[in-house]
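Chemist: Okay, predicted coordinates and the sequence, questions at the end:
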Amino acid sequence: MVVTGWAHDPGISTAEAHLREGGLEITTGFAPDDAKQFLPRTAQADERWDEENFVDVQAPLLALAPRLWEVRAGDAVLAPRDASVQLLPGDNVSFRLLFPRVAAGGRLTLRAPKLGELPEGHRQFVIVFDERGSALTKKLLRAADAAIEVPLASGGGSAIDATGSAAGTMASEAESSDAPTFWGFLELGVEHIWTGYDHLLFLFALLVVCRSFRSIVAIVSCFTVAHSITLGLATLDVVNLPARFVEPAIAASIMFVGIENLIRRGEEPRGRWALTFVFGLIHGFGFAGVLRDLGVGGHGGDGIAMPLFSFNLGVEIGQVAIAAVVLPLVWWLRKREAFVRRGVPVLSGLVALAGLYWLLERTVFG
Amino acid sequence: MISSLPRWLSSISALVVTAVAAPFDREIVLTPHGGTALEDLEIARWQQRAETAGSHRAETWLRLGWAYVAKARRTSDVGCYKLAEKTADVADAECGVTLESRLLRGHVLHQLHRFRAAEVVARELVRERGDIRDWALLSDVLVEQGRIAEGAAALQRMVDLKPGLEAFSRIAHVRWLTGDMRGAIDAAEQAVRASSPRQGESHAWAWARLSGFYLQAGETERALAAADTAMRTTTDYAPAELARGRALFAAGARERAVSALRRAVELNPLPEYQWWLADGLRALGRSAEAALVEAELVRRGENTDPRTLALFLATRGEDVATAVRLAQRELAERADVHSHDALAWALAASGNWSAAEDAMRTALAAGTRDPRLFLHAAEIARARGDRSAAETFYAQASESGAALLPSERTLLERGRGRNGSGPITDAK
């Protein structure tokens, strides 16, 4: 199709605002081509910036740094206490601004007035963290909508206060309305297991061949312990595997269990608990992905105990609820010889096929 | 790097290789987008899918990327192309590089005018897969680089696979570039017949393009009707508003034309649109308003459409050094008919008539019947003292005079007068 305009890469810049005891620190990163837009046309040389020639433009960039952000606490405009600019490896011009402490209560507004000088369509991603490193709110700014508001709640944990004596918590709109609480994470855990058909099918394939209540307890316990371990480790960022390995591995585990059931002709394989434990470890990485997507973890483990506990509890509750419905039915069916001889293999075959389908979907067709 | 590997190894490496996404890329593409238009809801839908169960699936990310592309096409918000590119980065990082992620990336590169990079991607795609979208991308980037014959060959492969709206629209453009105005209109008419209003923006685009062809052929009423159809298909669509403004201007309805042009500029402040609005305002005697629009054109033009800014500056005889610089820079990446024309016209404005004549010859070589090209060629020929050639070019420009900007029509009349030619008679 004919391209009618837009020769210039509009660019995306990023800004991290940290509410710390010492004040509000905003670090803004621009691609050099975008940073050059702030300079007079004569200074916008085509040459690539390096440590040597960056010195020549450092002074004008530093001069404009305080104008990158307009920070308002209520009606008061805060002036930056300190500013610096440097060229970082990876082609990133980084501006750091330090503002005084912000009083608790009221509303904090960060506005990026210079966005209008950047190419049409430029976006600036802003994320605001509290002093524990938890993300409070985020927004994609553009010239026509260049401000982000962060309501300041009075009372609470963070010591972001004009006098330094009182404690005030920054609570963003996003946090108050969207960020899950204990019950929110619990609900999320239940929802994840109920709508995570792959986990459910895995569990079903394990349980459909169980011959005693004892083996059911052993299998469920192994699965729970194993996935709790990796869920915790992955959320704390101790061990992590990319989703493109975890998700196919989960599919493969389902296929494996289905095929093993088929080979054993519906009888319970020996040592299933060990296999369940190993595969449970993999499923835990999958559960961790949900928490990671919500921004839990990755900040040195601050503030993740509650989400981790309540989400995992939700997963277990969801699991038990499903088992409570399915297991009586399975036990009742297992009393029938025809089900054990034909039904279990057929169901196991279907489980294996579903596992194969997910495996292909997550690898070849993904 | 993947392209240099054997196909089987390339496929495996595509699964294994992890592209590194920059910090925050994932957060950036998943940040709530806002808006209630269909495109916005589609973005929100795929964001939600990616945040929940679908983050491991490349398809989820790519659907999100294409949702950003749809938003960019609908609103001309180039920032959404950038978000689409970021989404491709995330897809590659999370799920490995796929042919589909390369297609999305190639499309974005094309739209951001990184034609040579887009060509590399397109060639990989046609070699490894070769479906209709791959050939379309290759055709587009080749034509944009002025390699019309190669582009037409790629287009033929596309048509062989599936003739439809996308293929006919491109055929129309290539025919127009090669001087087959009637053939271009036929293909553009086939394009609108091959599509339906359900296709939204694509359908509207096809009608807007057809309106432009009608206007150039002097069929003002049909141009207006086509623009109206485009507007009915997709409201608040800048190309449709521009097409309507141009058609209304040609029909003499200047006030209404300016309203449409103003709306087009509000929706998409591209230099081409701003130039039309400024000229429209000047034609109504509203010079102060026009000056404001022109100032904005000059202020932002280098970033948004340097080629049109170069043409604007050269036409006004202002800052011609910048005009030459911009045209030369554009030519380096996009050596098509219009870039050669822009360079010729900028060189002419700077008084370098000999170089201008050479560049103009290259611009005309494909046979494109664009009144702007003919006007520039006429002015250069007149300055070089070739009155006969100038007269021929003036006459050719006059044949499609309705498609010229008002300021260009003034230039045409003045040039013909100086060349001793007769007055303009618009084609009806």
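Modeler: Done, it's in.
Chemist: just the helices in chain A please.
Modeler: Secondary structure of chain A (DSSP state H): helices at A:32-36, A:51-64, A:173-177, A:182-195, A:197-207, A:213-235, A:243-263, A:272-293, A:305-334, A:337-338, A:344-362.
Chemist: least reliable of these going by mean pLDDT?
Modeler: Among the helices of chain A, helix A:173-177 carries the lowest mean pLDDT, a mean of 35.
Chemist: sorry, back to before: which among the helices of chain A is found nearest to chain B?
Modeler: Checking the helices of chain A against chain B by Cβ to the nearest Cβ gives helix A:243-263 as the closest, at 3.8 Å. No exception for glycine: its C-beta is placed from N, CA and C like everyone else's.
Chemist: what residues does the stretch 101-250 of chain A put near chain B?
Modeler: For the stretch 101-250 of chain A, the residues in contact with chain B (Cβ under 8 Å from any Cβ of the partner chain) are A:119-123, A:125, A:127, A:138-140, A:142, A:195-196, A:242-244, A:246-247.
Chemist: among the residues you listed, which ones are buried?
Modeler: A:119-123, A:125, A:127, A:138-140, A:142, A:196, A:243-244, A:246-247 (16 or more other Cβ atoms under 10 Å in any protein chain shown).
Chemist: contacting residues around the residue nearest to residue B:144 when sequence neighbours are not counted?
Modeler: The shortest distance from residue B:144 to any non-neighbouring residue, by Cβ to Cβ, 6 or more residues apart in numbering or on different chains, is to residue B:115 (5.1 Å). Going by Cβ atoms under 8 Å, 6 or more residues apart in numbering or on different chains, residue B:115 touches B:109, B:141, B:144-145, B:333-334.
Chemist: Put together a markdown table for the residues you listed, with secondary structure, pLDDT and neighbour count on each row.
Modeler: Formatted as a markdown table, the contacts of residue B:115 follow (DSSP: H, G, I helix; E, B strand; the rest coil; pLDDT from 0 to 100; neighbours: other Cβ atoms under 10 Å in any protein chain shown):
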| residue | secondary structure | pLDDT | neighbour count |
| --- | --- | --- | --- |
| B:109 | helix | 95 | 24 |
| B:141 | helix | 96 | 29 |
| B:144 | helix | 94 | 22 |
| B:145 | coil | 94 | 19 |
| B:333 | helix | 87 | 15 |
| B:334 | coil | 92 | 21 |
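Chemist: Just the closest of those to chain A, please.
Modeler: If you rank these by distance to chain A using Cβ to the nearest Cβ, residue B:144 comes first, at 6.4 Å.
Chemist: My guess is the closest one contacts residue B:334. True?
Modeler: Yes: assessed by Cβ atoms under 8 Å, residue B:144 is found in contact with residue B:334 at 5.6 Å.
Chemist: any idea how far residue B:379 is from whichever residue of the stretch 101-250 of chain B sits closest to chain A?
Modeler: Residue of the stretch 101-250 of chain B nearest chain A, by Cβ to the nearest Cβ: residue B:113 (4.6 Å). Distance, residue B:113 to residue B:379, by Cβ to Cβ, to the nearest Å: 27 Å.
Chemist: Same question for residue A:74.
Modeler: Using Cβ to Cβ, we find residue A:74 at a distance of 61 Å from residue B:379.
Chemist: ok, these two, which is more surrounded?
Modeler: residue B:379 (28 against 13; other Cβ atoms under 10 Å in any protein chain shown).
Chemist: got the contact list for the one residue in the stretch 51-200 of chain A that gets nearest to chain B?
Modeler: Residue of the stretch 51-200 of chain A nearest chain B, by Cβ to the nearest Cβ: residue A:121 (3.4 Å). By Cβ under 8 Å, 6+ apart, the residues touching residue A:121 are A:6, A:10, A:142, B:77-82.
Chemist: repeat for residue B:45
Modeler: residue B:67.
Chemist: same thing but 10 Å
Modeler: Residues in contact with residue B:45, defined by Cβ atoms under 10 Å, 6 or more residues apart in numbering or on different chains, are B:63-64, B:67.
Chemist: mind checking how far it is from residue B:260?
Modeler: 33 Å.
Chemist: do residue B:368 as well
Modeler: Taking Cβ to Cβ, one finds residue B:368 at 26 Å from residue B:260.
Chemist: okay, those two: which has more neighbours?
Modeler: residue B:260 (25 against 21).
Chemist: surely residue A:110 meets residue A:77?
Modeler: No: Residue A:110 is beyond contact range of residue A:77, at 11.7 Å (criterion: Cβ atoms under 10 Å).
Chemist: How many residues are close by residue B:384?
Modeler: Neighbour tally, residue B:384, other Cβ under 10 Å: 16.
Chemist: got a list of what it touches?
Modeler: Contacts for residue B:384 (Cβ under 10 Å, 6+ apart) come out as B:348, B:353-354, B:356-357, B:360, B:390.
Chemist: Could you list which of the buried ones among the residues of the stretch 101-250 of chain A next to chain B belong to strands?
Modeler: A:123, A:125, A:127, A:138-140 (DSSP state E).
Chemist: more neighbours, residue A:110 and residue A:77?
Modeler: residue A:110 (23 against 11).
Chemist: Can you tell me, leaving aside adjacent residues, what's nearest to the more buried one?
Modeler: Using Cβ to Cβ, 6+ apart and skipping residues adjacent in sequence, the residue nearest residue A:110 is residue A:148, 5.1 Å away.
Chemist: so which strand or helix has residue B:348?
Modeler: helix B:337-349 (DSSP states H and E).
Chemist: How many residues are close by residue 113?
Modeler: Looking at chain A here, since you left the chain open. That count, for residue A:113 with other Cβ under 10 Å as the rule, works out to 13.
Chemist: that's the wrong chain, I meant chain B
Modeler: Residues within reach of residue B:113, counting by other Cβ under 10 Å, total 21.
Chemist: For residue A:85, give the beta-bridge partners.
Modeler: As for beta bridges, residue A:85 partners with residue A:95 under DSSP bridges.
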